[in-house]
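# Structure of the sequence below:
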Amino acid sequence: MQQRVDKDQGLGVPEAMVLRDNVDRKLVKQTVMTSVYGVTFVGARQQIGNRLKERGWDDERLVYKTSCYGARVSFLAAHLVFQCNFMPVCSSVCVSVHLPVCVKSQTAASLTAVAYECLL
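Below you'll find the predicted structure:
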């Protein structure tokens, strides 16, 4: 997430410029940990907003805009990690030992394709 915020900061994204010194484990941990249970964008935004408020952020509009940006970036980062690394490997292992692969997430279509390719 920090890499994306740094990149966006260089592009002049206002939310990235505000968030740049606040990205740490505590800010994103809850969102990342609950993403496997299907946390919604709204839930992720609220979680990040709560962490910002704990840090003394009191401008509601700024908290909202920044937490929306943070939720988008954290979802993108999690999607890239799970789709490109963890989930395809797990689905490949499951399919290789004839276990069903059942995923309830936004990446289910990608995982189904990976599992099918392993069967070929």
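
# what's in contact with the longest helix anywhere in the chain?
Counting by DSSP state H, the longest helix found in the chain is helix 60-81. The contact list for helix 60-81 (Cβ atoms under 8 Å, 6 or more residues apart in numbering) reads 1, 4-5, 8, 13-16, 18-19, 27-28, 31-32, 35, 41, 44-49, 52-53, 57, 106-107. (Glycine included, C-beta is placed from N, CA and C.)

# So for that helix, what gets flagged as buried?
63, 66-71, 73-75, 77-79 (16 or more other Cβ atoms under 10 Å).

# Show me which of those has the smallest pLDDT value.
pLDDT is lowest at residue 79 among those; the value there is 64.

# Just the CA atoms of the longest helix of the chain, as CSV, please.
Output of helix 60-81 as CSV, limited to C-alpha atoms (Å, rounded to 0.1, in the frame of the first residue of the first chain):
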residue,chain,number,x,y,z
GLU,A,60,-15.0,14.6,8.8
ARG,A,61,-14.7,15.4,5.1
LEU,A,62,-11.0,14.8,5.1
VAL,A,63,-11.4,11.5,7.0
TYR,A,64,-14.1,10.4,4.5
LYS,A,65,-12.1,11.3,1.4
THR,A,66,-8.9,9.8,2.7
SER,A,67,-10.5,6.6,4.0
CYS,A,68,-12.2,6.1,0.7
TYR,A,69,-8.8,6.4,-1.0
GLY,A,70,-7.2,4.1,1.6
ALA,A,71,-9.9,1.5,1.1
ARG,A,72,-9.4,1.5,-2.7
VAL,A,73,-5.7,1.2,-2.4
SER,A,74,-5.8,-1.5,0.3
PHE,A,75,-8.3,-3.5,-1.8
LEU,A,76,-6.1,-3.2,-4.9
ALA,A,77,-3.0,-4.3,-2.9
ALA,A,78,-4.8,-7.3,-1.4
HIS,A,79,-6.3,-8.2,-4.8
LEU,A,80,-2.9,-8.2,-6.4
VAL,A,81,-1.3,-10.2,-3.7
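
# okay, stretch 1-14 in CSV with CA atoms only?
Provided in CSV are the C-alpha atoms of stretch 1-14 (Å, rounded to 0.1, in the frame of the first residue of the first chain):
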residue,chain,number,x,y,z
MET,A,1,0.0,0.0,0.0
GLN,A,2,2.8,2.4,0.8
GLN,A,3,4.3,2.0,-2.7
ARG,A,4,1.0,2.9,-4.3
VAL,A,5,0.5,5.9,-1.9
ASP,A,6,4.1,7.1,-2.8
LYS,A,7,3.4,6.7,-6.5
ASP,A,8,0.1,8.6,-6.2
GLN,A,9,1.7,11.3,-4.2
GLY,A,10,4.1,11.8,-7.1
LEU,A,11,1.1,12.1,-9.4
GLY,A,12,-0.4,14.8,-7.1
VAL,A,13,-3.3,12.8,-5.7
PRO,A,14,-4.5,14.9,-2.8
